[in-house]
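*Asks:* sequence-free structure coming up:
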């Protein structure tokens with residue numbers, strides 16, 4: 001795992017009340033984090049994802065994963081570094097929305 005993935009895992013996802021798994025394989029792709037209950041995939045992206053080749057690969061990958069019924073959330077390393085709390089709140093809101101629990105109850 002990258003430093004940003006470790007930070008997100010150890011400081012948020014590993015103790016999150018809805019279970020996430022790390023490094024889950026779907027077809028020929030391995031995703032960073034996966035929540036089966038919410039059908040949600042989290043990808044933490046470094047600079048290589050913002051090159052033309054990286055963006056094209058990610059589009060293909062996302063289309064494949066969405067075709068399996070998942071929602072894919074992409075989070076930049078910079079956001080994990082600079083806005084960690086906001087990233088965690090955004091993930092939490094997406095999980096609750098996907099699970100039909102928008103108000104947190």
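*Replies:* Noted; the coordinates are in hand. Worth saying up front: this structure is predicted, and the values here are computed from it rather than measured.

*Asks:* Secondary structure element holding the nearest residue to residue 99 once chain neighbours are set aside?
*Replies:* Ranked by Cβ to Cβ, 6 or more residues apart in numbering and with sequence neighbours excluded, the top spatial neighbour of residue 99 is residue 38, at 5.3 Å. Heads up, the C-betas are built off the backbone N, CA and C, glycines and all. Residue 38 is part of no helix or strand, with elements assigned from DSSP states H and E.

*Asks:* Roughly how far does residue 38 sit from residue 16?
*Replies:* 11 Å (Cβ to Cβ, to the nearest Å).

*Asks:* Neighbour count: those two, which is higher?
*Replies:* Between residue 38 and residue 16, residue 38 has the larger neighbour count (other Cβ atoms under 10 Å), namely 21 against 15.

*Asks:* wait, isn't the more buried one in contact with residue 101?
*Replies:* No. Using Cβ atoms under 8 Å, residue 38 makes no contact with residue 101, being 9.7 Å away.

*Asks:* pLDDT weak spots in the protein?
*Replies:* When residues are selected by pLDDT under 70, those of the chain lie in 47-51, 102-105.

*Asks:* can you give me the helices in it?
*Replies:* Applying DSSP state H to the chain gives helices spanning 3-11, 52-67, 77-82, 84-98.

*Asks:* Tabulate those (TSV), appending distance to residue 26.
*Replies:* Converted to TSV, the helices of the chain look like this (distance: least, Cβ to Cβ, whole Å):
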stretch	distance to residue 26
helix 3-11	17
helix 52-67	6
helix 77-82	22
helix 84-98	17
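
*Asks:* ok, and which of those has the densest surroundings?
*Replies:* Of all the helices of the chain, helix 3-11 has the most neighbours on average by mean count of other Cβ atoms under 10 Å, namely a mean of 17.

*Asks:* neighbouring contacts of stretch 10-29?
*Replies:* Stretch 10-29 is contacted by residues 1, 5, 9, 30-38, 42, 61, 64-65, 68, 70, 84, 88, 91-92, 95, 99 when judged by Cβ atoms under 8 Å, 6 or more residues apart in numbering.
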